[in-house]
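Peer 1: Let's see this in three dimensions:
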Amino acid sequence: MTSPSAATAAVHELTHPLIQHKLTLMREKDRSTSGFRRLLHEIGMLMAYELTRDMPTQPVSVQTPLETMTGVTIDGKKTVLVPILRAGLGLVDGMLEVVPGARVGHIGLYRDPKTLAAVEYYFKMPDHMEERDAIVLDPMLATGHSAAAAVAKLKERAKPRSIRLACLLAAPEGIAHLHGAHPDVALYTCAIDRCLNDHGYILPGLGDAGDRIFGTK
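Peer 2: Take a look at the predicted model:
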């Protein structure tokens, strides 16, 4: 089985029809806050299947109604979901429905509106991260500054066994920046959009994911 850390600068575009259908509905500007949240929750569940495709398993003896057999189980506690606050929180609950044993860490970053650089204000991880696989959650990989900064913080202060990043949308500029800084981090995204506008927003995109999740605009 291939270790999650074996992927080098890999970009996985999740093209499953259900994911693409729900993503299209989320892009609609008139989609309600509750509808946007529900769709994000559902996409989070679907993304979790792809993100955990190569999750390590271990053999276990099971007594069926007819006989004893050897099956396999996963250790969800070795997986840590790491949402970048605040928008990354929108993906957590859906993924936890699929991997309920996963731990959750948090990284608080905001984008400086003038420089677009990422500024940290919170960092909290489970213990023994060196034994765990981290999945960083950030719905929009736009400039890539926040994601690259989050990964740098994880490597420096938590040192997880592996790191991958999951997002709804990615811009080519963000992918280039992330892999320029962290060529070892695999990226999982539902779509690669065209480009960024002058304000650092993804085009065609879906607007500000955080504002649409929490109804703040």
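Peer 1: ok, Met26 - how many residues close by?
Peer 2: Met26 is flanked by 24 other residues according to other Cβ atoms under 10 Å. Using the backbone N, CA and C atoms, a C-beta is placed for each residue, glycine as well.
Peer 1: Return the distance of the longest strand anywhere in the chain from the chain's centre.
Peer 2: Criterion DSSP state E: the longest strand present in the chain is strand 162-170. Relative to its chain's centre, strand 162-170 lies at 4 Å (Cα atoms, centre = their mean, to the nearest Å).
Peer 1: after it comes which helix or strand?
Peer 2: helix 172-181 (DSSP states H and E).
Peer 1: all strands of this protein, in order?
Peer 2: Under DSSP E, the chain gives strands at 11-13, 57-63, 68-74, 79-85, 103-104, 106-111, 118-124, 133-137, 140-141, 162-170, 186-192, 195-196, 202-203.
Peer 1: just to revisit the earlier point, against which helices or strands is the longest strand of the chain packed?
Peer 2: Counting contacts by 3 or more Cβ pairs under 8 Å, 6 or more residues apart in numbering; DSSP states H and E, strand 162-170 packs against helix 17-27, helix 33-51, strand 133-137, strand 140-141, helix 145-153, strand 186-192.
Peer 1: Asp211 is nearest to which of the ones you listed?
Peer 2: helix 33-51 (9.2 Å; Cβ to Cβ).
Peer 1: one step back: most neighbours per residue, which of the helices and strands packed on strand 162-170?
Peer 2: Comparing these by mean neighbour count (mean count of other Cβ atoms under 10 Å), strand 140-141 comes out on top with a mean of 28.
Peer 1: In terms of secondary structure, what does it contact?
Peer 2: The contact analysis (3+ Cβ pairs under 8 Å, 6+ apart) places strand 140-141 against strand 162-170, helix 172-181.
Peer 1: quick one: contacts of it?
Peer 2: Here strand 140-141 makes contact (Cβ atoms under 8 Å, 6 or more residues apart in numbering) with 87, 147, 165, 167-171, 174-175, 178, 187, 189, 202, 205, 209.
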